[in-house]
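Trainee: Could you work out the structure for the sequence below:
(2 chains)
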2 protein chains.
Amino acid sequence: MTQTPKNIAIIGSGLVGSLLAIYLRRWGHAVTVFDRRPDIRNVEFSGRSINLAMSNRGWKALREVGIEKEVKKIAIPLYKRAMHVIGQAEYFQNYGKEGEAIWSISRGVLNRKMIDLAEGAGAAFRFEEKVWDINLPEAKIYTGETEKGEWKEYRYDMVFGCDGAFSRVRHKMQRRSRFDYSQDFIDVGYKELRIPPNEDGSHQLDKHSFHIWPRGAFMLIAMPNLDGSFTCTLFMPFEGEVSFENITTEKQAREFFSKYFPNVMQVMDDLLEDFFKNPTSAMVTMKCYPWTYWDKVALVGDSAHAIVPFYGQGMNAGFEDIYALNRIMKRYGDDWETIFQTYQKERKPNADAIAELSYRNFMEMSSKTADPKFLLQKKIEKHFASKHPEKWIPAYSRVTFSERPYAEALAIGDAQEKIMQEVMQMPNLEAKWDSPEVEQKILSLL
Amino acid sequence: MTQTPKNIAIIGSGLVGSLLAIYLRRWGHAVTVFDRRPDIRNVEFSGRSINLAMSNRGWKALREVGIEKEVKKIAIPLYKRAMHVIGQAEYFQNYGKEGEAIWSISRGVLNRKMIDLAEGAGAAFRFEEKVWDINLPEAKIYTGETEKGEWKEYRYDMVFGCDGAFSRVRHKMQRRSRFDYSQDFIDVGYKELRIPPNEDGSHQLDKHSFHIWPRGAFMLIAMPNLDGSFTCTLFMPFEGEVSFENITTEKQAREFFSKYFPNVMQVMDDLLEDFFKNPTSAMVTMKCYPWTYWDKVALVGDSAHAIVPFYGQGMNAGFEDIYALNRIMKRYGDDWETIFQTYQKERKPNADAIAELSYRNFMEMSSKTADPKFLLQKKIEKHFASKHPEKWIPAYSRVTFSERPYAEALAIGDAQEKIMQEVMQMPNLEAKWDSPEVEQKILSLL
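Mentor: Numbering: from 1, shown residues only, chains lettered A, B, ... in the order given. Down below sits the predicted model:
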């Protein structure tokens, strides 16, 4: 299948915008990518990012356009979680089966690489050009220095909104009738911190682990970078007893870290400086529908479905959008109206599913990890899965190491939860959680 | 309690904006009401409105500022539903106890009256002045002919956003971090139609009834006006077998009305003209939070909580916002930050509750009215309520004829539903639905 070459604008030069540019160039389309920010290749990173965890869905999308190997060079495989629990020695949990890993990549490093690759594929980039308005039925975009100032008009055959959770393109669609939309912030914020490398450039903590310091309502995570450093993220409520709001002085910050993260404190040289220099960022679940307008405009990635980061799937979901869109383009050729309709109908339930799964992970982490009943349930599931790996694939594996739809992972996860609710009613469960009786019970319910 | 006089802007001269102006004038504040549209007193109505049903909460808010009697002059009490079911004679259902009524008012007529009253109370109105932007922390508003053209800046002590479901004020708040927001459209649209008066000016149908022609997935309603006419509203899916989408010619419209509303057709002179002239409008549930910004800006009415019209509570809920705000002002005097915080915390759960109740009414009407089990349940509830009126007040009465919080009506409604779920499990219920056994069962569960 071929397509008549179109003149296409992509709004947003982030990860999804650059990958989409590469895909569209392969079809022979003329591609211009607009971004209101400067070229990320010429600026310092922002200090407000969580490291990315590339997993199967992301790699699949890169492989399709032959750039998987190139990107793997800047990624570090993490085969396990390293748990740092107060009063216990560090211990490890494998993510999946032998060789299964998620891959740590710095957002800035990856974005620079993706823009290079898109430019190499023939996409034009217009940085620091701010899009203020879009004429949806005519695929016209309007750019200028300020919203009130002079605007320049461009007309394209098609416009893709890859401009993230606060998308201008979606913003325009949202003002129309019958456009469903929601944005829900969680009460927890995050702040980027850093563990520098050893003097010899090696990592201070195990390089192939995703490090977690769970502390109930708050937690710290760390993911490795190529230069020997770790990007750390502190997740903590905005308000309340232990909260960002209540740490405003160096003294308070020092007390907080000494009390809850004494070992981390020793390896973070610039901890206090970073803590007060870096912004506290909010996290949002954003849903909307429709994602497309006629055969003219489509939203891809965070602009269509921003999720909280607790499943590590934000970028993977965006890349999978592109992979799916590409498959649908192969099916329908120049019939862009059908392509866009099929794309949004196929992707919307999957976007909703990964949003739900990500939100549940947040709830589990912040409220359930201290619940002995919940921990017992997880222990039983794990035990059963290890004995019957083909009968009980955990939701995490379905999301992270499979290419089956997110919606399927959610549905099977719900079915498993229902079974476990029944199992948890069994008397005396603490004493017999690994007994054949419990095993038989689960088997009978499957 | 008195308040220091403030200079206050209200955005929107609709029902809520005009009533709020009257309340604020009574406190001695200087009030300017901005509206982007022309003065409704000088223009024809739009042909896209459902008649309003004023009930207890609305009247209470008008009474507080002494305008209840004035407004009752332009309202018609409806004591009962008049059901027009195909193949049956018209029959009636009383709304409540003796004398309890909802009141039919034309939106246009009421809005004109409210603006007159607000002007009489000393509020200034600036019609056809479009607000394009708001500086929230400084309570500045920016108006002009066009969004891109010259703007005029006004600075106030406070700004109230009473500018409806598509509020510009909220729109500005929505672009901030940690602002929760959702808009959900239903798949059903509505169209205004009209039954003209008899030649002698009297009503063609019973004047003191809310007329309903239920037809499953679609329905027609009619509410009386002072001039002898009825404002009718046709609710119908936008798409699907019987839908607005599928009625595009006069022939199709005539066939549709002859088939489903033969009797109505005879009394609607301009049916076909109205059908194609009047727009098909969408309905949305809009939720957001927070509703206020510091002590500077607050949303009131539809701008904070737009709901679908199936409980007839949209205006009543907005008026109750004002009543509640006024009560809180009495408590806290000049402490506007506390006033706004208390206002939003008190009203938000009630707004969510009436949104939920309204949406459920829509679902009931469109999908459950043909379900024999649902009808049986309603019959049992009604029978029990008539025998034990103090033990079983239906949700409809709690919402419409009481002044207790909407959230309470929802909670009690849920508890009643739970009881009825158990009752509906009883064997042989069709035969014994009005038996002492069923009565005892309900009593035991209460």
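Trainee: In terms of secondary structure, what does the helix or strand containing residue A:58 contact?
Mentor: Here residue A:58 sits within helix A:56-64, counting by DSSP states H and E. Using 3 or more Cβ pairs under 8 Å, 6 or more residues apart in numbering or on different chains; DSSP states H and E as the contact test, the elements touching helix A:56-64 are helix A:15-26, helix A:68-72, helix A:314-332. To be clear about C-beta, it is placed using only N, CA and C from the backbone, and glycine gets the same treatment.
Trainee: would JSON lines of those helices with mean neighbour count be doable?
Mentor: Listed next are the helices and strands packed on helix A:56-64 as JSON lines, based on neighbours: other Cβ atoms under 10 Å in any protein chain shown:
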{"stretch": "helix A:15-26", "mean neighbour count": "26"}
{"stretch": "helix A:68-72", "mean neighbour count": "15"}
{"stretch": "helix A:314-332", "mean neighbour count": "21"}
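Trainee: Tabulate those (TSV), appending mean pLDDT and distance to chain B.
Mentor: TSV is the format used below for those (pLDDT from 0 to 100; distance: least, Cβ to the nearest Cβ, whole Å):
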stretch	mean pLDDT	distance to chain B
helix A:15-26	98	21
helix A:68-72	98	31
helix A:314-332	98	17
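Trainee: Mind checking those helices for the one nearest to residue A:41?
Mentor: Counting by Cβ to Cβ, residue A:41 lies closest to helix A:15-26 out of the helices and strands packed on helix A:56-64; the figure is 11.2 Å.
Trainee: In this structure residue A:55 contacts residue A:103, no?
Mentor: Yes - with contact defined as Cβ atoms under 8 Å, residue A:55 reaches residue A:103; the gap is 7.2 Å.
Trainee: Name the residue in these two with the higher neighbour count.
Mentor: residue A:55 (23 against 19; other Cβ atoms under 10 Å in any protein chain shown).
Trainee: May I have the phi/psi pair for the more buried one?
Mentor: Here the main-chain torsion angles of residue A:55 (degrees, to the nearest 10) amount to phi -130, psi -170.
Trainee: wait, what's in contact with it?
Mentor: Applying Cβ atoms under 8 Å, 6 or more residues apart in numbering or on different chains to residue A:55 gives the contacts A:102, A:103, A:312, A:313, A:316, A:400, A:401.
Trainee: switch to 6 Å and redo it
Mentor: A:102, A:316, A:400 (Cβ atoms under 6 Å, 6 or more residues apart in numbering or on different chains).
Trainee: Please report the distance of the first one from chain B.
Mentor: This means residue A:102. 28 Å (Cβ to the nearest Cβ, to the nearest Å).
Trainee: do the same with the last one
Mentor: From residue A:400 across to chain B, the span is 29 Å (Cβ to the nearest Cβ).
Trainee: If you tally nearby residues, what's the number for that residue?
Mentor: 22.
Trainee: Name the nearest residue to it, sequence neighbours excluded.
Mentor: Spatially, and ignoring its direct neighbours in sequence, residue A:400 is nearest to residue A:55 (4.6 Å; Cβ to Cβ, 6 or more residues apart in numbering or on different chains).
Trainee: separation between that neighbour and residue A:98?
Mentor: The gap separating residue A:55 from residue A:98 is 16 Å, by Cβ to Cβ, to the nearest Å.
Trainee: How far away from the center of its chain is the lengthiest helix in chain A?
Mentor: Looking across chain A with DSSP state H, the single longest helix is helix A:336-363. From the chain centre to the centre of helix A:336-363 is a distance of 13 Å (Cα atoms, centre = their mean, to the nearest Å).
Trainee: same deal with stretch A:168-183?
Mentor: That offset, for stretch A:168-183, works out to 22 Å (Cα atoms, centre = their mean).
Trainee: again with stretch A:284-292
Mentor: The chain centroid and the centroid of stretch A:284-292 are separated by 15 Å, computed with Cα atoms, centre = their mean.
Trainee: Alpha carbons of it, as CSV, please.
Mentor: Written as CSV, here are the backbone C-alpha positions of stretch A:284-292 (Å, rounded to 0.1, in the frame of the first residue of the first chain):
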residue,chain,number,x,y,z
VAL,A,284,-2.5,14.5,35.9
THR,A,285,-4.7,11.9,34.2
MET,A,286,-6.1,13.5,31.1
LYS,A,287,-8.7,11.8,28.9
CYS,A,288,-10.6,13.1,25.9
TYR,A,289,-12.7,12.0,22.9
PRO,A,290,-12.8,12.2,19.9
TRP,A,291,-9.0,12.3,19.1
THR,A,292,-9.5,13.3,15.5
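Trainee: which residues are contacting it?
Mentor: A:165, A:180-185, A:298-299, A:304, A:306-308, A:340, A:344, A:348, A:355, A:359.
Trainee: tally of neighbours for the closest residue to chain B within the stretch 251-400 of chain A?
Mentor: Residue nearest to chain B within the stretch 251-400 of chain A: residue A:282 (4.6 Å; Cβ to the nearest Cβ). Neighbour count for residue A:282, taken as other Cβ under 10 Å: 16.
Trainee: For the residue positioned nearest the centre of chain A, give its distance to residue A:350.
Mentor: Per Cα atoms, centre = their mean, the C-alpha nearest to the average position across chain A is that of residue A:314, at 2.1 Å. Relative to residue A:350, residue A:314 is positioned 13 Å away (Cβ to Cβ).
Trainee: Show me which residues of chain A sit near chain B.
Mentor: A:177, A:178, A:180, A:181, A:182, A:183, A:184, A:185, A:282 (Cβ under 6 Å from any Cβ of the partner chain).
Trainee: Count residues in the vicinity of the first one, would you?
Mentor: When neighbours are defined as other Cβ under 10 Å, residue A:177 has 13 of them.
Trainee: so it touches residue B:282, yeah?
Mentor: Yes - judged on Cβ atoms under 6 Å, residue A:177 makes contact with residue B:282 at a distance of 4.6 Å.
Trainee: quick one: buried residues of the very next helix or strand once past the longest helix of chain A?
Mentor: Later in the chain than helix A:336-363, the nearest helix or strand by DSSP H and E is helix A:372-387. For helix A:372-387, a neighbour-count test (16 or more other Cβ atoms under 10 Å in any protein chain shown) marks A:377, A:380, A:381, A:383, A:384, A:385 as buried.
Trainee: Pull the contacting residues for the first one.
Mentor: This means residue A:377. Contacts of residue A:377 by Cβ under 6 Å, 6+ apart are A:420, A:424.
Trainee: residue boundaries of the helices in the stretch 51-200 of chain A?
Mentor: Counting by DSSP state H, counting those that start in this stretch, the stretch 51-200 of chain A has helices at residues A:56-64, A:68-72, A:107-120, A:168-174.
Trainee: One more: the stretch 201-350 of chain A?
Mentor: A:250-260, A:262-267, A:271-277, A:314-332, A:336-363.
Trainee: Can you tell me which of those helices has the worst average pLDDT?
Mentor: When the helices of the stretch 201-350 of chain A are ranked by mean pLDDT, helix A:262-267 comes last with a mean of 89.
Trainee: thinking again about what came up before, quick one: neighbours of the closest residue to the residue nearest to the centre of chain A other than its chain neighbours, just the number.
Mentor: For residue A:314, ignoring the flanking residues on the chain, the nearest one in space by Cβ to Cβ, 6+ apart is residue A:307 at 5.6 Å. Using other Cβ under 10 Å, residue A:307 is surrounded by 26 other residues.
Trainee: Tell me how far residue A:307 lies from residue A:352.
Mentor: Distance, residue A:307 to residue A:352, by Cβ to Cβ: 10 Å.
Trainee: Please apply the same query to residue A:142.
Mentor: If you measure residue A:142 against residue A:352 using Cβ to Cβ, the figure is 32 Å.
Trainee: do the same with residue A:299
Mentor: Separation of residue A:299 from residue A:352 (Cβ to Cβ) stands at 14 Å.
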